[in-house]
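Visitor: predicted coordinates and the sequence they were generated for:
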2 protein chains.
Amino acid sequence: MAVVGYGHSRFGVRSDVNMAELAWEAIKEALETSGLEPKDIEHVVVANAGGWSSEPLPAVVVAEYAGLTGKPLHRVEAACASGSAAVASAYEAVASGMADIAIAVGIEKMNESPTPTVVEFIGRAGNYFWEFENFGLTFPGYYALYATAYMARYGATEEDLCQVAVKNHYYASMNPKAQFQRKIDLETCMKSRYIAWPVKLYDSSPITDGAAAVVLASEEVAKKLTDSPVWIHSIGAASGTANLSKRDDYSGLKAAQLAALAAYKRAGLEPENTARYFDAAEVHDCFTIAEVMAYEDLGFVRRGEGYKLVREGQTYKGGLIPVNLSGGLKAKGHPIGATGVSMIAELTKQLLHKVEPGRQADIRKGLVIAHNVGGTGHYAYVTILGLEKPKAR
Amino acid sequence: MAVVGYGHSRFGVRSDVNMAELAWEAIKEALETSGLEPKDIEHVVVANAGGWSSEPLPAVVVAEYAGLTGKPLHRVEAACASGSAAVASAYEAVASGMADIAIAVGIEKMNESPTPTVVEFIGRAGNYFWEFENFGLTFPGYYALYATAYMARYGATEEDLCQVAVKNHYYASMNPKAQFQRKIDLETCMKSRYIAWPVKLYDSSPITDGAAAVVLASEEVAKKLTDSPVWIHSIGAASGTANLSKRDDYSGLKAAQLAALAAYKRAGLEPENTARYFDAAEVHDCFTIAEVMAYEDLGFVRRGEGYKLVREGQTYKGGLIPVNLSGGLKAKGHPIGATGVSMIAELTKQLLHKVEPGRQADIRKGLVIAHNVGGTGHYAYVTILGLEKPKAR
């Protein structure tokens, strides 16, 4: 199965459009790049975490505005991995023979609610009853637990984490769709205020409105539609405990590790030392510590070595493996339902040499990888895309 | 692909359990009837419309409590058809080869919120901005529009609609899992207060807490697990406009008609005069008018003839086609995310002669059909199950 079209709205504070209009920006581009019209789409999946919008059926409103009414349609939610769940759901619809052409749309309009409401709502993710209600934990607090555990065990510093932000802002500065289009220096991050020690303002992804869409097609149809399909080599998915108190380890995310193992197995790749396989990666840097854990959970390097990649600049272009050349959640922005779809759209464009020159990866191996986490490791998806059709196994 | 296990909680006001405990009632029975343990399940889909719960990630909480942590997991929403969307999603996961054994869980705990809040939230379904905000329409109001259009065009009466309620309460009185376990007479319904003319209290489904679960398995695995698999012959899905103002017709639901056509085509059945194919049907009677429209949208009879089935008692046992022998949404109850899964669990039991004697259908043809609508025709799913394995086409 192949990605045959990709679309992406500008991310940011998008009070200039309503939810349906914002989704249409991405859907329109996905249709154009695939050479299709709405009538050609046979199956629609919409990712939206919701909760801040007064519209309880976002999928139907988005589908109607885009001219997709009548098609099989449903909404998926897997917290901040909702977008990847939509891509997986569209993949399964096509792979199961229910459709030949499916579109996965991710949309979130978070700035409709006041920021404290959004922060509270996100904070409830996990186990509301035990963790939010009793401890008052919000998301920066959750990831601060991971950061302190990681720093204590492996010796990473706040500077290491801030260097992730510096890198991702650098690449976002070249991405016209990114929420933050300016570079920052280490000092700016280090001097930014603490949200939950050691997590600072500049370690944190913003509250974002945005949409992304990808069109998937069966092999037979993809070959008719395009000379340059991007093939889905594998999708791995897994979940984690609701309660953080039931996790075994706080320096990595078990769900992401399981999802990576599943994706590597299906793609026929060894799960160790995996940076060698890929030209680029998009990983879930909702906080800078999350990007460091992603390096390890994906097996790019061994456990406890992730921050050394940052120190050595190995995740810039030209390094061991370029990560988040889009700017990542940190600087491109993180419209929850759109993020996972955005990763697939971005990596498709990377493989096809369609991104801005300064942030275009060297495509030599022809494989790329996406890593999308929901909640604090409650959900995880790992998706591998390639220029060559995967070998049948 | 086959249904190899089915579970169903008691429906009603379930303040005796929390959300995870309620879901577990259904999951436990589904595991027991399939002879499986949580570790055997490879893929989990949870249907939950949410909005009335303080738990924003219901799927992870449900999965953790049921011992399903680690598996691929996501939540689906298709309004009141969310349960069918979960079954379809689990079906696609298995049919695509992503899993051999998947569980679809539907769960809703609506009584956590005060009734006016629930009614307002449901009322927002459709197009919130245009219809709820401006006209103050709630769900009884929406279905009252359909009822008046249908009655005006075809000559159906309020008595006809109330007869649907009488039938469904009759069967619910024999269903120990139903919310309402007492019969009503026509007078009780006719004298009940108007909610939105001509829809009366007894024309309306209640606010319900409940859960249901089904386990699906690939053909190969199903044959190992059980001597009596129930085969999924087809699933058809479709969507409708967000705005009711953009609908062409108000005496039927276009989405349900499209979903039925798709299901019949995949199952190799002619779409007319379809009552002849089935031993029983479960249809979406959120209001009594909805059951009458379902008869026609499913092609049991021609347009405008549905209420005559009611007058003639043709949808009782022994009639042309018995409908809602479970009690339906009207009397069994309608816990939104659970309803579609409940239909599949119920019909599986009907085919296997596992329901209470008074409401057990005569199984002669070996085929049954489920019809599940989301919103006011925003989503629709039609699912056909059978005792014989479907012929390859």
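Guide: Thanks, I have the structure now.
Visitor: all contacts plus neighbour counts: C-alpha atoms, from now on.
Guide: Noted.
Visitor: got a list of contacts for stretch A:8-20?
Guide: A:22-23, A:25-27, A:29-30, A:58, A:61-62, A:65-66, A:107-109, A:111-112, A:176-180, A:207-213, A:332-333, A:335, A:342, A:345 (CA atoms under 8 Å, 6 or more residues apart in numbering or on different chains).
Visitor: which ones among the residues you listed also lie next to chain B?
Guide: A:Val61 (CA under 8 Å from any CA of the partner chain).
Visitor: of the contacts of stretch A:8-20, which belong to helices?
Guide: A:22-23, A:25-27, A:29-30, A:58, A:61-62, A:65, A:332, A:342, A:345 (DSSP state H).
Visitor: wait, which of those residues is closest to chain B?
Guide: A:Val61 (5.3 Å; CA to the nearest CA).
Visitor: CA atoms of the helix or strand harbouring A:Leu216 as PDB?
Guide: A:Leu216 belongs to strand A:209-217 when assigned by DSSP states H and E. This file holds the C-alpha atoms of strand A:209-217, laid out as PDB (Å, rounded to 0.1, in the frame of the first residue of the first chain):
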ATOM      1  CA  ASP A 209      -4.400  24.700  15.600                       C
ATOM      2  CA  GLY A 210      -3.700  22.700  12.500                       C
ATOM      3  CA  ALA A 211      -4.600  19.900  10.000                       C
ATOM      4  CA  ALA A 212      -2.900  17.400   7.900                       C
ATOM      5  CA  ALA A 213      -4.200  14.700   5.500                       C
ATOM      6  CA  VAL A 214      -2.700  11.700   3.600                       C
ATOM      7  CA  VAL A 215      -4.400   9.700   0.800                       C
ATOM      8  CA  LEU A 216      -3.600   5.900   0.900                       C
ATOM      9  CA  ALA A 217      -4.200   3.600  -2.100                       C
END
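Visitor: extract the CA atoms of stretch A:254-271 and return them as PDB.
Guide: The C-alpha coordinates for stretch A:254-271 follow below in PDB (Å, rounded to 0.1, in the frame of the first residue of the first chain):
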ATOM      1  CA  LYS A 254       7.200   0.900  27.000                       C
ATOM      2  CA  ALA A 255       4.400   1.400  24.500                       C
ATOM      3  CA  ALA A 256       6.800   3.100  22.100                       C
ATOM      4  CA  GLN A 257       9.300   0.300  22.500                       C
ATOM      5  CA  LEU A 258       6.600  -2.300  21.800                       C
ATOM      6  CA  ALA A 259       5.300  -0.400  18.800                       C
ATOM      7  CA  ALA A 260       8.900  -0.100  17.400                       C
ATOM      8  CA  LEU A 261       9.500  -3.800  17.800                       C
ATOM      9  CA  ALA A 262       6.200  -4.600  16.000                       C
ATOM     10  CA  ALA A 263       7.100  -2.200  13.200                       C
ATOM     11  CA  TYR A 264      10.600  -3.500  12.700                       C
ATOM     12  CA  LYS A 265       9.400  -7.100  12.800                       C
ATOM     13  CA  ARG A 266       6.800  -6.400  10.100                       C
ATOM     14  CA  ALA A 267       9.400  -4.500   8.000                       C
ATOM     15  CA  GLY A 268      12.000  -7.300   8.400                       C
ATOM     16  CA  LEU A 269      14.500  -5.000  10.200                       C
ATOM     17  CA  GLU A 270      16.600  -5.900  13.200                       C
ATOM     18  CA  PRO A 271      15.500  -3.900  16.200                       C
END
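Visitor: for that stretch, which positions count as buried?
Guide: Across stretch A:254-271, burial judged by 16 or more other CA atoms under 10 Å in any protein chain shown covers A:254-264, A:266-267, A:271.
Visitor: now do that stretch, average pLDDT.
Guide: Stretch A:254-271 shows an average pLDDT of 98 in the prediction.
Visitor: among the contacts of stretch A:8-20, the buried ones, what's the ChimeraX command?
Guide: Here is the ChimeraX selection string for the buried members of the contacts of stretch A:8-20, based on 16+ other CA under 10 Å:
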select /A:22,23,25,26,27,29,30,58,61,62,65,66,107,108,109,111,112,177,178,179,180,207,208,209,210,211,212,213,332,333,335,342,345
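Visitor: hmm, back to that, the strand holding A:Leu216: what's the following helix or strand?
Guide: helix A:219-225.
Visitor: look at the residue positioned nearest the centre of chain A and give its secondary structure.
Guide: Nearest to the mean C-alpha position of chain A, by CA atoms, centre = their mean, lies A:Gly340 at 3.6 Å. Under DSSP: H, G, I helix; E, B strand; the rest coil, A:Gly340 falls in the helix class.
Visitor: wait, it sits on A:Glu77?
Guide: No - in this structure, A:Gly340 is not within contact of A:Glu77 by CA atoms under 8 Å, at 11.4 Å.
Visitor: who touches both of those two?
Guide: A:83, A:85.
Visitor: list the contacts of A:Arg302.
Guide: A:272-273, A:296.
Visitor: if I've got this straight, it is in a helix?
Guide: No - using three-state DSSP, the assignment for A:Arg302 is coil, not a helix.
Visitor: can you tell me how far it sits from A:Leu161?
Guide: 18 Å (CA to CA, to the nearest Å).
Visitor: separation between the residue nearest to the centre of chain A and chain B?
Guide: As defined by CA to the nearest CA, to the nearest Å, A:Gly340 lies at a distance of 14 Å from chain B.
Visitor: the closest residue to that residue other than its chain neighbours sits in which helix or strand?
Guide: Distances taken as CA to CA, 6 or more residues apart in numbering or on different chains place A:Gly83 nearest to A:Gly340, at 4.0 Å, with adjacent residues excluded. Assigned by DSSP H and E, A:Gly83 belongs to helix A:82-95.
Visitor: what packs against that helix?
Guide: Counting contacts by 3 or more CA pairs under 8 Å, 6 or more residues apart in numbering or on different chains; DSSP states H and E, helix A:82-95 packs against strand A:43-47, strand A:73-77, strand A:101-109, strand A:209-217, helix A:336-351, helix B:82-95.
Visitor: at 6 Å instead, please
Guide: strand A:43-47, strand A:101-109, helix A:336-351, helix B:82-95 (3 or more CA pairs under 6 Å, 6 or more residues apart in numbering or on different chains; DSSP states H and E).
Visitor: give the rounded mean pLDDT of the last one.
Guide: Just to be clear, that refers to helix B:82-95. In this model, helix B:82-95 has a mean pLDDT of 98.
Visitor: what's the angle between it and strand B:43-47?
Guide: With axes from the mean of the first three to the mean of the last three CA atoms, to 10 degrees applied, the angle from helix B:82-95 to strand B:43-47 works out at 160 degrees.
Visitor: past the lowest-mean-pLDDT helix or strand in chain A, which element shows up next along the chain?
Guide: Here the helix or strand of chain A ranked lowest by mean pLDDT, DSSP states H and E is helix A:133-135, holding a mean of 60. Counting by DSSP H and E, the next helix or strand C-terminal to helix A:133-135 is helix A:139-154.
Visitor: mind listing what the closest residue to A:Ala95 other than its chain neighbours touches?
Guide: In space, A:Ala95 comes closest to B:Ser96 once its chain neighbours are excluded; the distance is 4.7 Å by CA to CA, 6+ apart. Counting by CA atoms under 6 Å, 6 or more residues apart in numbering or on different chains, B:Ser96 touches A:92, A:95-96.
Visitor: interface residues of chain A facing chain B?
Guide: Counting by CA under 6 Å from any CA of the partner chain, chain A comes close to chain B at A:55-57, A:60-61, A:64, A:69-72, A:74-78, A:92-93, A:95-96, A:125, A:128, A:237-242.
Visitor: which residue ranges of the stretch 201-350 of chain A form strands?
Guide: Here the stretch 201-350 of chain A has its strands, by DSSP state E, counting those that start in this stretch, at A:209-217, A:230-239, A:280-282.
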